[in-house]
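Asker: when you get a sec, could you give me coordinates for this:
(one chain, ligands or ions: 1)
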Amino acid sequence: AGIRDALDRIREDFPAREDLKILLSLCDPDEMGYLHATACIVRNTYCQERIALRALVEISSVCKNSCRYCGLNRYNREASRYTMRDDEVMQSVRLAAKQGFRTVVLQSGENGCSSQAIAQLISQIKQEFPVAVTLSLGERPWEDYLAWKQAGADRYLLRIESTDDELYRSLHTDRALSSRMECLEQLETLGYQVGSGIMVGLPGQSISTIARDIQFFAEKQFAMIGIGPFIPHPQTPLAKAKRGDLNLTLNTIALTRIVTKYPWMPATTALGSLQRDYRKEGLQAGANVIMPNFTPQCYKNQYVIYPNKQSKTENKKSLEQLARRVGLSIDYGRCDSLLPGWA
Ligand code: 5AD
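Answerer: Below you'll find the predicted structure:
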């Protein structure tokens with residue numbers, strides 16, 4: 001009964017931290033089932049009963065940043081570094097478009113790729129294919145975000161990772177939380193559909209931290225929110241840390257869905273990379289996006305953010321089967337922002 005009351009309250013009003021903490025902590029299967037089912041009702045009401053597809057192309061593993069959780073951080077000298085040629089990227093995009101994808105996500109480390117080279121690539125993609133272009137290239141100067149928007153980019157993904165200043169500082173040696181916030185503001189101002197998100201189970205993170213992250217999402221109203229479990233990478237300073245808890249991750253997805261209602265939320269690759277593939281459970285907790293990997297085979301194994309990253313090729317049939325199993329259908333459109341007030 002206490003759970004039902006807490007759920008009713010967070011559906012109606014700005015979510016209180018205490019209510020979020022109670023609901024995040026649920027681990028009884030029936031109680032979790034009730035929470036996740038509520039999230040699915042909210043998703044189906046505000047986003048319709050559908051899944052959006054995004055083709056992910058990991059265009060470069062080069063990175064100048066030093067996030068302590070990430071295998072691509074610049075101090076990992078064992079990481080192999082590549083940058084795809086333009087024609088290779090175009091080939092991946094062509095394949096995705098041919099298979100019916102209407103969004104491509106270009107992701108990379110925070111690298112030295114010139115703003116111009118990326119802009120050129122964006123306009124070439126927009127010229128040749130009827131796809132939305134989502135960028136996930138980290139923190140860059142305002143001028144770069146502007147140039148890419150003018151080149152035709154539609155969306156940008158930049159996870160906040162954690163809204164806790166102290167935790168953020170403990171994980172990032174040479175970037176500040178305020179700089180990330182500023183980037184998110186700039187992207188919003190420039191007219192991008194903006195996505196953010198967090199990892200669940202970071203060392204030093206508590207239920208309380210996550211509750212505040214969810215309050216941040218409730219306040220900001222992002223068009224997209226990605227939430228996945230932290231998975232320790234053996235060649236990082238966090239090699240010995242515990243991985244993020246599955247149930248806590250699913251509860252975080254469900255609560256974020258319930259309080260934010262509209263965002264496109266992926267059943268993340270990290271959720272698909274635990275002991276088994278838990279993306280189905282992610283969809284059953286309120287997620288509504290799948291991001292199949294379209295990075296060329298020869299580069300896939302070099303883009304190692306965390307170990308055992310699920311990156312098998314997926315076809316239309318397997319995706320449609322996954323959708324059917326959770327009672328959703330695939331929307332083969334662009335699936336732009338559903339936020340009220342968006343174009
Ligand atoms: N485990 C899980 N997710 C990770 N990311 C980075 N490192 C890890 C890890 N070890 C996530 C971050 C980043 C996204 C691209 O991948 O949230 O924003």
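Asker: excluding its backbone neighbours, what's nearest residue 257?
Answerer: Computed as Cβ to Cβ, 6 or more residues apart in numbering, the closest residue to residue 257 that is not its neighbour in sequence is residue 286, at 3.2 Å. Using the backbone N, CA and C atoms, a C-beta is placed for each residue, glycine as well.
Asker: nope, residue 163 is what I meant
Answerer: Closest residue to residue 163 apart from its sequence neighbours, by Cβ to Cβ, 6+ apart: residue 216 at 4.6 Å.
Asker: that neighbour touches residue 159, doesn't it?
Answerer: No - using Cβ atoms under 8 Å, residue 216 is not in contact with residue 159, being 11.7 Å away.
Asker: what residues does the protein put near the ligand?
Answerer: Contact residues, the chain versus the ligand (Cβ under 6 Å from any ligand atom): 69, 70, 159, 161, 199, 228, 230, 231, 233, 270, 305, 306.
Asker: restricted to helices, list the residues you listed.
Answerer: Members of those lying in helices (criterion: DSSP state H): none.
Asker: can I get these in a markdown table including pLDDT?
Answerer: Listed next are those as a markdown table, based on pLDDT from 0 to 100:
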| residue | pLDDT |
| --- | --- |
| 69 | 98 |
| 70 | 98 |
| 159 | 98 |
| 161 | 98 |
| 199 | 98 |
| 228 | 98 |
| 230 | 98 |
| 231 | 98 |
| 233 | 98 |
| 270 | 96 |
| 305 | 96 |
| 306 | 96 |
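Asker: between the residues you listed, which is nearest residue 58?
Answerer: Among the residues of the chain next to the ligand, residue 305 lies closest to residue 58 (Cβ to Cβ), at 9.1 Å.
Asker: now the two most distant members of the residues of the chain next to the ligand.
Answerer: Across the residues of the chain next to the ligand, no pair lies farther apart than 159 and 233, at 16.4 Å, counting by Cβ to Cβ.
Asker: more neighbours: which of those two?
Answerer: Taking other Cβ atoms under 10 Å, residue 159 and residue 233 do not tie; residue 233 has more neighbours (23 against 18).
Asker: just list the residues touching the more buried one, thanks.
Answerer: 69, 70, 71, 239, 304, 305, 306, 307 (Cβ atoms under 8 Å, 6 or more residues apart in numbering).
Asker: could I get the contacting residues of the residue lying closest to residue 245 once chain neighbours are set aside?
Answerer: In this structure, residue 245 finds its nearest non-sequential neighbour in residue 201, 5.6 Å apart by Cβ to Cβ, 6+ apart. Applying Cβ under 8 Å, 6+ apart to residue 201 gives the contacts 229, 230, 242, 243, 244, 245, 248, 249.
Asker: now for the fourth one: which residues touch it?
Answerer: The one in question is residue 243. 201, 229, 230, 231, 232, 274.
Asker: identify the farthest-apart pair in those residues.
Answerer: The widest separation within the contacts of residue 243 (Cβ to Cβ) is 12.1 Å, between 232 and 274.
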